[in-house]
Each structure stands twice: as structure tokens, then as C-alpha cells.
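# Model the structure of this input:
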Amino acid sequence: MLDIAEDLHRWCGEGRAFAVATVVAVEGSAPRQPGAALAVDTEGTAVGSVSGGCVEGAVYELCRAALESGESVRERFGYSDEDAFAVGLTCGGALDVLVVPVLPDGCGRAVLAEALTAVTAGEPVALARVADGPDGWLGRALLVRADGTYAGTLAGTEPEDRSVSLGRSASSDRTDSDRTVLDRTVAAEAAALLAAGRTGTVVAGTDDVNGSRCGDPVTVLVESCLPPPRMIVFGAVDFAAALVRAGKFLGYHVTVCDARPVFATTGRFPGADEVAVDWPHRYLDAQQAAGALDARTVLCVLTHDAKFDVPLLERALRLPVAYVGAMGSRRTHEARLERLREAGVAERALDRLRSPIGLDLGARTPEETALSIVAEIVAARHGGTGVPLTGAHTPIHHEPRRERELGKGRGLGSVA
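Below you'll find the model as predicted:
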């Protein structure tokens, strides 16, 4: 649902009543992943999508019905072999959709509005909503912030205190008993997903205590929303201009850095969010010291000049970032590796270096080269192989190893 936060935030501000249909689970091949949403207001205006077109009409009608009844509902859509024109997914998968009416006087609207305000302001938040559980629980929401505070409740009416810390009351006259153990359990799991920038599900008991699953089971979809990930392009060259455009298209906050002020100008890179004139390694050190890099950051080194590359890559390969790639011929790459070894970079760190940068697309122009680079970044992010899907037996949608491990390590039902 947070993927259409800007529209929903405007609707809340205008006092509109609307219903939101959110994908809460998928099986097999499905066009959209958990968190994808379609919203419909009382005038019939629709925003978003849950399936890319396969079941939009049926979900639209579910939203209209939810607005009439005021009741939340969960519906499953799958492929029908008997009737190719029946409501279903032609891709052969299945998806579960949660439809929740958001009415002006609804008790959960305040939490939702607060979450939408935070998302549109660029703040990191997680929204946890009951996707399956006891009667009357569907759609109940909990907003979890990066600082560990949370608002709302999954187990009852919304409390007055809307700034409670995980495991501790925010005010001196309130105790942990004022919040259910379920809220604290789900909030802790949601905070972990938020820190990882992941959307997934948490399964707990309605009276979950110290990790035990007691009482009726409840499944909660946690949607995480973080500020855009960073792409830092080192080297103010023609290839960088094309890469800036490709990075922005993928939703990155893009910085171009070069030590040469005559080349590093906003006029040459009008699409960049930032153009920094500095020695690349010095700029990277400053960003690391400021805490401006994280596990989603991608670093693209296009300078292919040893005096810039070596000190920069020596630092970059030791950072816990998502991707480090460097441009250059295979001969340049081998010479660069020798210099990095001489600088003390371990072989394990060198194995992280994507060089020559990009996938083999036969690229010639700066735009084609940029496409090959971002294709490699996307493949690395989602665990793709980069091979053609035609004739292949690999899954279309991959689940990266670190996401599988996160799900196993924290007892999550699934991580998307």
C-alpha cells in the first residue's frame, strides 16, 4: 500500500472515504509482490494496481463493496484451467488480496494517515497490518518508526498515547501492561524488517509471550518504506550522464563525484540529485563518517584512472554496500587488481568487485553501457542470473539468499 502513499495521503487530506486492496501473499508466478495495492474512493476513482491487469476488475468491485459494507475482506485469486476468461491469473500463480475500507470516522484511519504523512516526507517507517486472524481483526494497523516507537494497536481500540517505545512506555504514568504483548512482538519484528528495508509477513499468537505462539494465530503483513537507496557515480564522463538517467529511472538518489571542477557541474548532469567536486576516496570517507551509506548503496567507478580508482576501491571494497563496480578493459582490470593487492586488499574483498562493470549486452553507446550496468545491479539485488529467460528453467522472480536467511532467522512466514 505504501507504493501509492502520495495519492492516499492526498485523499486523507481531502477527507475522502476509500478502500485499499493490498497483495498480502503470493504463490508461484505472480505479476505483483506483497505490498502492491489498488485503492478506490467513493466516486469510483482508482489508483495503483495489484496484478498488472489480471484481476483488477474483480478487486475494484471488492473495494466498492467494502466501502458499502464497512467490512474488511481477504480474497484469493488464482489461475482457472477450465475457463480462460474467468477471473484469475493467467501466469499460473495465485495471490491473496486484503481489502480494507478507510472511512473518515474509522478507528484505524489516524494510524494510516500518520504512516502516509511519514512516507511522503521521506521518513523511514513500517506499517504492520493484520492480513489473517480472528474475526474482526483484518486490517488493524500498527505504525513502527525507525527510532523504535510505534503507534496504533493490533489487538483492540487505539490508545491515546501514540508514541510508545518498543518494550517501554513513552510516558511515566503508563506501563507495559497498557500495550499488548502482541503489539510489542510485532513491532520488534517490523523494526527488524524496516532496518533491512524488507516487506514481509510475521506470524504470531494473539497472546504471544516471549516468542511462544499461543492463542489464535495472526498473520501480519509488514510494509517497509525507506528513503531512496543511493547510487554514487565516480567519474564525470559521458557514460556517467547516461548512468545518472538510468539510476533515476530505477528510483535511486544519484550523486556524481569527480575531482575535476570543469567536468563535475550541474550543467553536465542536470538529472543528478547531487554533483560533488572532491577526490573520490575523500568523498567516500566523508559519506561513511556521516552514516550516509548503507547496505542498499551502489558504487559505480567510471574513472578508470589508477590515481582515482585504487584509493577509492581500497575503501569501497571494505564497506558493507550492495554493489561495487568499476569500468575498464580486462587488461585495466588485471592491473587494477595487482595495485589493490599491493595496497593490502584481501582476495575475499576483491571477489566483490564487479569489473569490467555491467552485463554482456554487447553495449556500445553510453546509454547501452548504462543499461548493462543497471541490469547487473538489478540482478545482484534480486539474485538474478542475467541469462535470457527464453528456454531457461530458472524462476522469473528470485528470492535472494540474504532474504531467505532473514526469514529463517527471525521466524518470518515469508519475506518479499
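# what stretches of the stretch 51-200 of the chain score poorly on pLDDT?
Low-confidence segments of the stretch 51-200 of the chain (pLDDT under 70): 53, 79-92, 156-179.
# Leaving out chain neighbours, which residue sits closest to A5?
Ranked by CB to CB, 6 or more residues apart in numbering and with sequence neighbours excluded, the top spatial neighbour of A5 is V119, at 4.0 Å. All C-beta spots, glycine's among them, are computed from the backbone N, C-alpha and C.
# count of residues packed around that neighbour?
Number of residues near V119 (other CB atoms under 10 Å) recorded here: 24.
# The one 5 residues further on now?
Burial of P124 is recorded as 17 neighbouring residues (other CB under 10 Å).
# So which residues of the protein form helices?
All helices of the chain, identified by DSSP state H, fall at 5-13, 56-69, 109-120, 181-196, 238-249, 280-289, 306-316, 330-342, 347-350, 366-382, 401-409.
# Residues contacting the third one from elsewhere in the structure, which ones?
Counting by CB atoms under 8 Å, 6 or more residues apart in numbering, helix 109-120 makes contact with 2, 5-6, 8-9, 12, 102-103, 125, 127, 141-143, 145, 151-152, 158, 162, 225, all of which sit outside it.
# Could I have the ChimeraX command that selects the buried members from those residues?
The ChimeraX command for the buried members of those (criterion: 16 or more other CB atoms under 10 Å) is given here:
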select :2,5,8,9,12,102,103,125,127,141,142,143,145,151,152,158,225
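# quick one: which of the contacts of helix 109-120 sit in strands?
In strands, defined here by DSSP state E, the members of the contacts of helix 109-120 are V102, V125, L127, A141, L142, L143, R145, A151, G152, C225.
# Show the contacting residues for the last one.
Spelled out, that is C225. Contact analysis of C225 by CB under 8 Å, 6+ apart lists L2, A5, A118, V119, P124, V125, A126, L127.
# can you check the second one too?
Residues touching V125, when contacts are defined by CB under 8 Å, 6+ apart, comprise A115, A118, V119, L143, V144, R145, A146, L194, S224, C225.
# if you set the cut-off to 6 Å instead, what comes out?
A115, A118, R145, C225 (CB atoms under 6 Å, 6 or more residues apart in numbering).
# Could you identify the most distant pair in those residues?
Spatial extent of the contacts of V125 (CB to CB) is set by the pair R145 and C225 at 11.0 Å.
# follow-up on the earlier one: export the contacts of C225 to CSV and tack on distance to R32?
Shown next, in CSV, are those (distance: CB to CB, whole Å):
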residue, distance to R32
L2, 14
A5, 16
A118, 23
V119, 18
P124, 23
V125, 21
A126, 19
L127, 17
